[in-house]
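S.K.: Structure for the following, please:
(one chain, ligands or ions: 1)
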Amino acid sequence: MTATLLDGKATAAEIKDELRVRVKGLAERGLVPGLGTVLVGADPGSQAYVNGKHRDCAEVGIASIRRELPADATQEQVDEVIAELNADPACHGYIVQLPLPRHLDTQRVLELIDPDKDADGLHPVNLGRLVLGYDGPLPCTPRGIVELLRRYDVPLRGAEVAVVGRGNTVGRPLGLLLTRRSENATVTLCHTGTLDLAKHTRNADIVIVAAGVPGLLTADMVRPGATVVDVGITRVIGPDGKGRYTGDIAAEVAEVAGAMVPMPGGVGPMTRAMLLTNVVERAELG
Ligand SMILES: Nc1nc(=O)c2c([nH]1)NC[C@@H]1CN(c3ccc(C(=O)N[C@@H](CCC(=O)O)C(=O)O)cc3)C=[N+]21
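M.R.: I've put the predicted structure just below:
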């Protein structure tokens, strides 16, 4: 068996087409949605991600608000940029690119973001809203995964889902999202303390791996026909000495799984599409 690919890149392009229409609707009301990014330092990977976000914005008609600070920026300088974006009516949502340089207090910075402008959906208030079932911006990667599965008619209601990884950006909020009444999946949240990981993944209709461990999920850990989702993105040096990204799911899993969300071309583009969606939604509400 060779798994059907669930194409995150094509689906993200579809979502961007839909957003373009919504942005036109906002323009008729005299509104241009604005996405802000805060980048501290010159890490090439982070710069590339931020550039990608602004390219996405241009494609759908969202205004870009870029704030860049040097790697040695003080906490006060960062705090000031956050306060400025919180007060800027042209900015409907923004993100602080992570990781921040180590001398800065990441938790403090993230908590200073106005929760209603939190385009990542990762502010403690918004994670709290998610726990409680209140409306609010949703975390982009979990939302992108659910949206992709929904658009490919992979049933969630009543499904057994194994999530591998309990990180704050993916695994933990994904467990919360999948167990909302509107999704109604049954979730097993596995992590580095799980003794028999294969027992849980083999029992699952859907396995979502967000552990950051290349090749963690192997074919023997997957029930034939199951849907698997690769969220891993780890930079490795290939045999040719060149850097590349690799996922958490071994290539051989494609022979066992019924459907597969690949990396690249899966969760990454969907994450970016959900960031845009969050901003357009914020603008529609305002
Ligand atoms: N505040 C904050 N929010 C983030 O959402 C955030 C962050 N910080 N820091 C870094 C991580 C990483 N991340 C990715 C998003 C898309 C791809 C992506 O689209 N990847 C392509 C491959 C690479 C490419 O073509 O650029 C793919 O999977 O097909 C990758 C990684 C968001 N992050």
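S.K.: Return the set of buried residues in stretch 201-220.
M.R.: With burial defined by 16 or more other CB atoms under 10 Å, the residues of stretch 201-220 counted as buried are 201, 204-211, 214-217. No exception for glycine: its C-beta is placed from N, CA and C like everyone else's.
S.K.: can you pull the contacts of P262?
M.R.: For P262, the contacting residues are L5, L6, G8, D230, G247, by CB atoms under 8 Å, 6 or more residues apart in numbering.
S.K.: I'd like the buried residues of stretch 201-220 as TSV, with pLDDT, distance to the ligand and secondary structure appended.
M.R.: Formatted as TSV, those follow (pLDDT from 0 to 100; distance: CB to the nearest ligand atom, whole Å; DSSP: H, G, I helix; E, B strand; the rest coil):
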residue	pLDDT	distance to the ligand	secondary structure
T201	99	22	helix
A204	99	22	coil
D205	99	24	coil
I206	99	19	strand
V207	99	18	strand
I208	99	15	strand
V209	98	14	strand
A210	98	12	coil
A211	98	15	coil
P214	97	14	coil
G215	97	17	coil
L216	98	17	coil
L217	98	17	strand
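S.K.: Would you mind checking which of the contacts of P262 is nearest to A83?
M.R.: In terms of CB to CB, no member of the contacts of P262 lies closer to A83 than G8, at 35.2 Å.
S.K.: any idea how far the closest one lies from D118?
M.R.: Counting by CB to CB, to the nearest Å, the gap from G8 to D118 is 23 Å.
S.K.: neighbour-wise, which of the two wins?
M.R.: G8 (28 against 24; other CB atoms under 10 Å).
S.K.: my read: the more buried one touches G265, true?
M.R.: Yes: using CB atoms under 8 Å, G8 makes contact with G265 at a distance of 5.7 Å.
S.K.: Could I get the full set of helices for the protein?
M.R.: Assignment of helices within the chain using DSSP state H yields the ranges 8-28, 44-60, 75-87, 106-112, 124-132, 140-151, 171-178, 197-202, 267-285.
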